[in-house]
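Could you work out the structure for the sequence below:
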Amino acid sequence: MKFNKLGNSSLIVSEYCLGTMTFGEQTDERESHKQMEKSFDVGINFFDTAELYPTIPLRAETAGNTEKIIGNWFKKNKTYRNKIILASKVVGKGYDAIRKGEPINPKGMTQALDKSLKSLNTDYIDLYQLHWPNRGSYHFRKNWEYDPTDQNKKDILSDMEVLVDTLYALRDIGKIRAVGLSNETCWGTLQFNELVKKRGDLCVASIQNEYSLLCRLYDTDMYELSHNENIPLLAYSPLAGGILTGKYLDNEIPENSRLSRTPTVFGRVTERSFQAVEQYINLAKKHNIDPVNLALYFCKQRPFMGSVIFGASTIEQLDIILSGIDNKLNDDLILEINTINKNWPMTF
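Below you'll find the model as predicted:
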């Protein structure tokens, strides 16, 4: 297992990260604990969660249950906590079930962190992330109508500065170790990074945005920022919500799958995405690679990658992911992938 340093922080994480947003919905507690145990046993030291999870589907009644499931695992396996790099997130503006949908603010962040610490049965979180920006975001298919012209730069920077001050205070009392962003833009990341730099002893350790064979928005301006500012990507949805496995082709909707629970899988299910998936499935067959591993290997080899966050609803799915975890794609295969991407860009 290869390990990567997250930016200028002290966090060293495995190149794969166990995503947990299915825990408490698709995946029950017993199965969730098995996933954590099995992932740890193969060398994965990085788990990602959020106060919002689970999300398949997103329900007020279950929000926060994922962290409780993880906390129960730590309670049973006390020696593991200090061996795991644990990431969580504070939810942002717009989700009414948590703090009435208010934007991230000092009071709300402090409350969220204390609740997460209690649920997770821990005294600290290694990487604390802002789940999405207060000003809004182009992620989750909002890029098609994203319009920042009503933004007030002065107000945004003032808000960011308050959040940075709060994160410093939480770090100084030992409740968090490092800071990350999520669902951010290039400009937003740069502004946070400049504010953090002024303090000198903290950094933006990572940015968690969507990235997969079907969603390569990160390849341009964000790639440049990652390289020059040393802020690696934590890629979520590297299998595009399961679409890249091919299991939804021919109008198939397997029981308990994400598509059976979340129509369109947050806008990813389109005619073009299925056409592109067919090309990647054929490519995987040509090279005798499981489509799951083709998608994950590609992501982990990107130069800007800090860690690839995968999710599995069953142990059987997890076994496929872990079966060839250290393998790589050769240059010729990557060229074939890039040819498909040129023919089928922006599929959703």
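
Going along the chain, name the strands of this structure.
3-5, 12-14, 16-19, 46-48, 85-90, 125-130, 176-182, 204-210, 233-236, 305-310 (DSSP state E).

Can you tell me the strand partners of the fifth one and which way each runs?
According to DSSP bridges, strand 85-90 has the following sheet partners: strand 46-48 (parallel), strand 125-130 (parallel).

Comparing those, which comes out most buried?
Most buried of the strands paired with strand 85-90, by mean neighbour count (mean count of other C-beta atoms under 10 Å): strand 46-48, with a mean of 27. The C-beta positions use only the backbone N, C-alpha and C, and glycine is treated the same way.

From the chain's centroid, how far away is it?
9 Å (C-alpha atoms, centre = their mean, to the nearest Å).

what's next to it, contact-wise?
Applying C-beta atoms under 8 Å, 6 or more residues apart in numbering, the contact partners of strand 46-48 are 13-14, 16-20, 36, 39, 70, 84-88, 208, 234, 236, 307, 309.

Any stretches of the stretch 201-348 of the chain with poor pLDDT?
Low-confidence segments of the stretch 201-348 of the chain (pLDDT under 70): none present.

ok so, going back, nearest to residue 276, of the strands paired with strand 85-90?
strand 46-48 (26.2 Å; C-beta to C-beta).

Would you mind giving the strands of the chain as JSON lines with distance to residue 325 added?
As requested, these are arranged in JSON lines below (distance: least, C-beta to C-beta, whole Å):
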{"stretch": "strand 3-5", "distance to residue 325": "13"}
{"stretch": "strand 12-14", "distance to residue 325": "9"}
{"stretch": "strand 16-19", "distance to residue 325": "6"}
{"stretch": "strand 46-48", "distance to residue 325": "13"}
{"stretch": "strand 85-90", "distance to residue 325": "17"}
{"stretch": "strand 125-130", "distance to residue 325": "21"}
{"stretch": "strand 176-182", "distance to residue 325": "23"}
{"stretch": "strand 204-210", "distance to residue 325": "20"}
{"stretch": "strand 233-236", "distance to residue 325": "15"}
{"stretch": "strand 305-310", "distance to residue 325": "10"}
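
quick one on the thing from earlier: filter the contacts of strand 46-48 to the buried ones?
Taking 16 or more other C-beta atoms under 10 Å as the criterion, what is buried in the contacts of strand 46-48 is 13-14, 16-20, 36, 39, 70, 84-88, 208, 234, 236, 307, 309.

so which of the strands of the chain comes closest to residue 109?
Across those, closest to residue 109 is strand 85-90 (C-beta to C-beta), at 5.2 Å.

Nearest to residue 270 among the strands of the chain would be which one?
That would be strand 204-210 among the strands of the chain, by C-beta to C-beta, at 15.1 Å.

Give the buried residues for the closest one.
Neighbour-count burial for strand 204-210 flags 204, 205, 206, 207, 208, 209, 210 (criterion: 16+ other C-beta under 10 Å).

hang on, the earlier thing: of the strands of the chain, give the one that comes closest to residue 107.
strand 85-90 (11.5 Å).

how far off strand 176-182 does that closest one point, in degrees?
60 degrees (axes from the mean of the first three to the mean of the last three C-alpha atoms, to 10 degrees).

what does strand 85-90 contact?
11-13, 17, 45-52, 67, 70, 104, 108-109, 112-113, 116, 120, 122, 125-131, 180, 182, 208, 234.

Convert it to PDB, retaining C-alpha atoms only.
This file holds the C-alpha atoms of strand 85-90, laid out as PDB (Å, rounded to 0.1, in the frame of the first residue of the first chain):
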ATOM      1  CA  ILE A  85      -6.600   8.900  10.000                       C
ATOM      2  CA  LEU A  86     -10.200  10.000  10.500                       C
ATOM      3  CA  ALA A  87     -11.800  12.600   8.400                       C
ATOM      4  CA  SER A  88     -15.200  14.200   8.900                       C
ATOM      5  CA  LYS A  89     -17.100  17.200   7.700                       C
ATOM      6  CA  VAL A  90     -19.400  20.000   9.000                       C
END
